[in-house]
Each structure stands twice: as C-alpha cells, then as structure tokens.
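Engineer: What follows is a predicted protein model with its sequence.
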Amino acid sequence: MNKIYLGSHVSMSSPDFYLGSVRSALEWGENTFMFYTGAPQNSYRLPLERLKIEEGRKLLKENNIDESKIIVHAPYLINLGSKEKIDNYELAKKLVINELQRTKAFGCKTLVLHPGNHLKASKIEGLNNIVEGLNYIFENDNTDVKIALETMSGKGSELGTTFEDINYIINNCKYSDRLGVCLDTCHINDYGYDVRDIDHILDEFNQIIGLEKLLVVHVNDSKNPIGAHKDRHDNIGYGTIGFETLSKYIHHPLLINVPKILETPYVNEKPPYKKEVEMLLNNAFEDNWRENL
C-alpha cells in the first residue's frame, strides 16, 4: 500500500534512550524517524543493553510503525575517502561495521553514511578509497543492513556531491546490492542542482543511479543560494528552496514509500518538527509559523 513516511531526526538520550526517541516521534505525529546510536561527533557508544531497545520496539509495534522505515545515521567523523592517516582509515572501516551491527539490533534496515573527503588525494583516488573501504566492510559484516550514501553539498574536498560520484561508488563496489542513496534537498541545492525542478532531478537520478536505489530523502530547506557549497539547513518554508518545492518531494508519486526525514534547526531551542510535519502532510504552509512556535 502506498503511504507517506515522514519524520525527523530525534535525539536518543538518557534516561529513556530509544524508548524516548520513539515517544518523541509519536508526539510529533511522525511514522518514521532518524537517530544516531550515539553522539554523532565521536565514536563512543553505550552498550546496546542499556539503550531500552526492546521497550522502544514494543512501542513502535503498538502504534503500527514499520521499523524497517526507521533510519540510522552513522557518526560524522567517519571518512573512507582518504588514506592520508591510515590509522583513521582503518578505524573508519571498523566504526561502520560496528554501526551496521548496532543498526541491526534496533530492527532497522538502513544506515546513512557521508561518503567522505579525499583531502590531499585526487577525487578518483578518494572514490576508490571509499570503494575499497566498503568492500572490506561488507566482507566483514554479517548483517543485511544497507548503507545509504548521502549526497553532499561540496564543502572542501567532499565526495558524493554528484549523482555520478555516487553511481561510481555503487557500480565499483563488489556488494552493490548493499548500497543505496540518501538524497538531501539542501545538499543538492547547495552543490548546484536545481532542486526546484523535481521531475528533472528524479529523471536524472533514475538515469544515472536508478530510483530503486533511493532509500531515504532528507527534506531540508537551505539558507544558501543554489551552488553555494555551504550546507546550512533552514526550517521548512524559510529558506531559498521554499515550502512548495519541499512539499512536492513529500507527495511526489515516485517517492511514495521512501522515508523522508527532516533535519531542520531548532527554534528557540525547541524542536519544530511537529509543525513542519503537519504542514507538509497537509500540503499547506502556515505563515509566520516559526515566530509563533
């Protein structure tokens, strides 16, 4: 059955951990969400038995939430694109394997990963480093969790900024069936794609990669003009992309059944997701909603 799956990034913190994440998503009217299994900025991870996973999964089941649509995001510090510091490269591979195993423990099927940065290496060397790293990861991983490579905005030496980059990684990986894509609206706008022409974007994506590989969409407005290479998210309807365009990504028939995740900024230290989800599901923008939050 066709269904819109829409949610946001939710935190997972003590004392309720995953149970608290599920409660937040339900409170905000979401039927999917994305979380990190620990702090996104570092590799420290609490043991799984402390995270109230079974309690969270029970609450999901009670509310008829399909946990296969829930998304996990890998920590930011992972960089498979550079071997400049070989210890960091080896650690990155081990961290991804650990995150795949943790993702599986939550009953989730998709781990979003930033492809990496090539730093002082050439772009093609960086892409090949990612392929080599992913081959090692999948050879040593015993789960069925897929990695969704995220489209990036082009800051510094980021890789995965174009559909061709992503396609190169997927096609050259021995385990291409374990790879997919996370399309981020802010990132592709900031890189230089005309995110407003959704039909062209999806057609180009389909021709280069294939829509069957699109596992998740990050729905974010942008503080920047197209091609700025900056990656600064804005709240829905307050950025340069605009509500009308972002709502099209929610309701487009080719994207039905693809989980869509908001990563927009807090407003006055409060999460804006309940209002943003409501507006997007209803395809109706409320003027000055952020000021009235």
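Structural biologist: Happy to help now that I have it.

Engineer: and the residue nearest the centre of the chain, what pLDDT?
Structural biologist: Nearest to the geometric centre of the chain sits V112, at 4.8 Å (Cα atoms, centre = their mean). You'll see V112 listed with a pLDDT of 98.

Engineer: L159 contacts L127, correct?
Structural biologist: Yes. With contact defined as Cβ atoms under 8 Å, L159 counts as touching L127 (6.0 Å). (C-beta placed from N, C-alpha, C; glycine too.)

Engineer: mind listing the strands for the stretch 51-200 of the chain?
Structural biologist: Along the stretch 51-200 of the chain, counting by DSSP state E, counting those that start in this stretch, strands occupy 71-73, 110-113, 146-150, 179-184.

Engineer: on contacts alone, who are the packing partners of the third one?
Structural biologist: Contact analysis of strand 146-150 by 3 or more Cβ pairs under 8 Å, 6 or more residues apart in numbering; DSSP states H and E lists strand 110-113, helix 163-172, strand 179-184, strand 214-219 as its packing neighbours.

Engineer: next one: the shortest one
Structural biologist: Packed against strand 71-73, as judged by 3+ Cβ pairs under 8 Å, 6+ apart, are the following elements: strand 32-35, helix 86-105, strand 110-113.

Engineer: Make a markdown table out of the ones you listed and add distance to E212.
Structural biologist: What follows is the helices and strands packed on strand 71-73, written out as a markdown table (distance: least, Cβ to Cβ, whole Å):
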| stretch | distance to E212 |
| --- | --- |
| strand 32-35 | 19 |
| helix 86-105 | 21 |
| strand 110-113 | 14 |
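
Engineer: Identify whichever of the ones you listed lies nearest to A148.
Structural biologist: strand 110-113 (4.8 Å; Cβ to Cβ).

Engineer: can you list contacts of the closest one?
Structural biologist: 34, 71-74, 78, 96, 99-100, 103, 145-150, 180, 182, 215-216, 259 (Cβ atoms under 8 Å, 6 or more residues apart in numbering).

Engineer: Please apply the same query to stretch 7-14.
Structural biologist: 18, 20-21, 24-25, 28, 30-37, 51, 70, 73, 259-264, 271, 273, 276-277.

Engineer: buried subset of those?
Structural biologist: Buried residues within those, counting neighbours by 16 or more other Cβ atoms under 10 Å: 18, 20-21, 24-25, 28, 30-37, 51, 70, 73, 259-264, 271, 273, 276-277.

Engineer: returning to that earlier point: Throw the strands of the stretch 51-200 of the chain into CSV and include distance to L254, thanks.
Structural biologist: What follows is these, written out as CSV (distance: least, Cβ to Cβ, whole Å):
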stretch, distance to L254
strand 71-73, 19
strand 110-113, 18
strand 146-150, 17
strand 179-184, 12
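
Engineer: And those strands: which comes nearest N292?
Structural biologist: Using Cβ to Cβ, the nearest of the strands of the stretch 51-200 of the chain to N292 is strand 179-184, at 27.5 Å.

Engineer: quick one: that closest one to strand 146-150, angle?
Structural biologist: Orientation check (axes from the mean of the first three to the mean of the last three Cα atoms, to 10 degrees): strand 179-184 against strand 146-150 gives 40 degrees.

Engineer: Can you give the distance of strand 179-184 from its chain's centre?
Structural biologist: 7 Å (Cα atoms, centre = their mean, to the nearest Å).

Engineer: Among the buried ones among the contacts of stretch 7-14, name the ones in helices.
Structural biologist: Y18, G20, S21, S24, A25, Y273, E276, V277 (DSSP state H).

Engineer: one step back: neighbour count: L159 and L127, which is higher?
Structural biologist: L159 (27 against 24; other Cβ atoms under 10 Å).

Engineer: From H9, how far off is Y36?
Structural biologist: 8 Å (Cβ to Cβ, to the nearest Å).

Engineer: let me redo that: V96
Structural biologist: 20 Å.

Engineer: For these two, work out which one has more neighbours and name it.
Structural biologist: V96 (24 against 20).

Engineer: nearest residue to that one other than its sequence neighbours?
Structural biologist: Leaving out its chain neighbours, the residue that sits closest to V96 by Cβ to Cβ, 6 or more residues apart in numbering is I137, at 5.0 Å.

Engineer: which residues touch the one you found?
Structural biologist: Neighbours of I137 in contact, by Cβ under 8 Å, 6+ apart: K93, V96, I97, L100, I147.

Engineer: returning to that earlier point: nearest to D203, of the helices and strands packed on strand 71-73?
Structural biologist: strand 110-113 (23.5 Å).
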